[in-house]
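>>> here's a sequence, model it:
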Amino acid sequence: MVAITSALLVSLFAFLVSLSSLCIPSCSSSTDAFVFGGCTQEKYLPNSPYESNINSLLTSLVNSATYSSYNNYTVMGSSPQDVIYGLYQCRGDLSMPDCATCVARAVSQVGSFCPYNSGGALQLQGCYIKYDNTSFLGEEDKAVVLKKCGPSVGYDSDGMSRRDSVLAALVGSGGPYRVGGSGDVQGLAQCVGDLSFAECQDCVSEAIGRVKSECGGAVYGDMFLAKCYARYSTGGAHFYSKTHHDKSYSEGEKTFAIIIGLLAGVALLIIFLTFVRKVFGENGKIFTLLFLFIFI
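Numbers count the residues shown, from 1 in each chain. Predicted coordinates:
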């Protein structure tokens, strides 16, 4: 009877774990949308030390994303050819659960996107990961990776003026993550966390200058450089800031907290009943049965 009850509790625990894994992505699905990806031409051999180092690096990225929105790692190898460098960066407005979910999703996709490539990069709406066997950490890079402009609605002096004001305010803001708006015009910019303030400022200025000149009168524009990006939208046409999803994010975070509380409660209950049975022997079994009968 006790064995059956214990099995039931373990099954309940496993069910709650699976429920949490289903809920969290659905609460932040917009952050998982693919933006761009790229791979180096150089390949590595399957089951090689380099493959083991990649797996170790990607595991570190996923683990770190549960408590930090940015981090970088260097995994040393037995030879210089086996050294690998990597980083991840979550969008500045994401909660830790959403950041961790996004990075885990990116890591799960990059392996199939860049099979046996020595280096790879993947940008989702909510996060970015990159790894390579050539160091890129702390180096400014303003190469254009992706440019995307929405349809043009013709020249609107008022709309363009407000857009330019919003983008200018982003240049004047501090920190790696910058967001602002005026009416129905929204702007967003972010640097990768390995850049200094001066490098970030330079990169953001370049991205904003390019998106303004190259997207012209488009209703939205995205300009992704190698180490930063700038985006704008008018009339809510195309944007991915948490500002527009406060309710859904709040509900997702509440659900996550409730599930974690349930998991912790079930785990403590199992530990407590196991302790009672070990300490009190047969009497502990009787106490366990009475406890389950009364409270469950």
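
>>> in the stretch 1-150 of the chain, which spans are helices?
Counting by DSSP state H, counting those that start in this stretch, one finds helices in the stretch 1-150 of the chain at the ranges 2-27, 49-64, 96-113.

>>> which of the ones you listed comes out lowest on mean pLDDT?
Per-segment mean pLDDT for the helices of the stretch 1-150 of the chain reaches its minimum on helix 2-27, at a mean of 37.

>>> in contact with the residue lying closest to V75 once chain neighbours are set aside, which residues?
Closest residue in space to V75, ignoring its immediate chain neighbours: N53 at 4.5 Å, by CB to CB, 6 or more residues apart in numbering. (Glycine included, C-beta is placed from N, CA and C.) Shown in contact with N53 (CB atoms under 8 Å, 6 or more residues apart in numbering): 75, 77, 82-84.

>>> of those residues, which is the most crowded?
Among the contacts of N53, I84 has the most neighbours (other CB atoms under 10 Å), with 26 neighbours.

>>> what is that one paired to in the beta sheet?
Beta-bridge partners for I84, by DSSP bridges, are V75.

>>> pretty sure it is touching G77, no?
Yes: with contacts counted by CB atoms under 8 Å, I84 reaches G77, the gap being 7.4 Å.

>>> overlap in contacts of these two?
Common neighbours of I84 and G77 (CB under 8 Å, 6+ apart) are 50, 53.

>>> tell me how far D194 lies from L122.
Between D194 and L122 the computed distance is 17 Å (CB to CB, to the nearest Å).

>>> typo on my end, it should be S56
On the measure of CB to CB, S56 and L122 end up 18 Å apart.

>>> ok, those two, which is more surrounded?
A direct count of neighbours by other CB under 10 Å for S56 and L122 places L122 higher, at 25 against 13.

>>> cross-check the contact I'm expecting between that one and Y128.
Yes: shown here, L122 and Y128 form a contact pair, counting by CB under 8 Å, at 7.2 Å.

>>> joint contacts of those two?
A106.

>>> which residue comes closest to R163 once chain neighbours are left out?
V185 (5.2 Å).

>>> ok, what's across the strand from that neighbour?
So, taking DSSP bridges as the rule, V185 has S182, T234 as bridge partners.

>>> now swap in Y88 and tell me
In beta-bridge terms (that is, DSSP bridges), Y88 pairs with N71, I129.

>>> which residues touch it?
Counted by CB under 8 Å, 6+ apart, Y88 has contacts 61, 64-65, 70-71, 103, 106, 127-130.

>>> which one of the residues you listed sits closest to G172?
Y70 (22.4 Å; CB to CB).

>>> ok now do the closest one, which residues does it touch?
87-90, 176, 192-193.

>>> quick check, nearest of those residues to Q201?
P176 (10.2 Å).

>>> wait, that closest one sits on D194?
No: judged on CB under 8 Å, P176 makes no contact with D194 at a distance of 9.7 Å.

>>> low-confidence regions, the stretch 51-200 of the chain specifically.
154-155 (pLDDT under 70).

>>> recalculate using a threshold of 80.
Scanning the stretch 51-200 of the chain with the threshold set as pLDDT under 80 gives 153-157, 159.

>>> quick revisit: of the contacts of N53, which pair is most distant in space?
Across the contacts of N53 (CB to CB), the longest gap, 8.3 Å, separates V75 and D82.

>>> many thanks, we can stop here.
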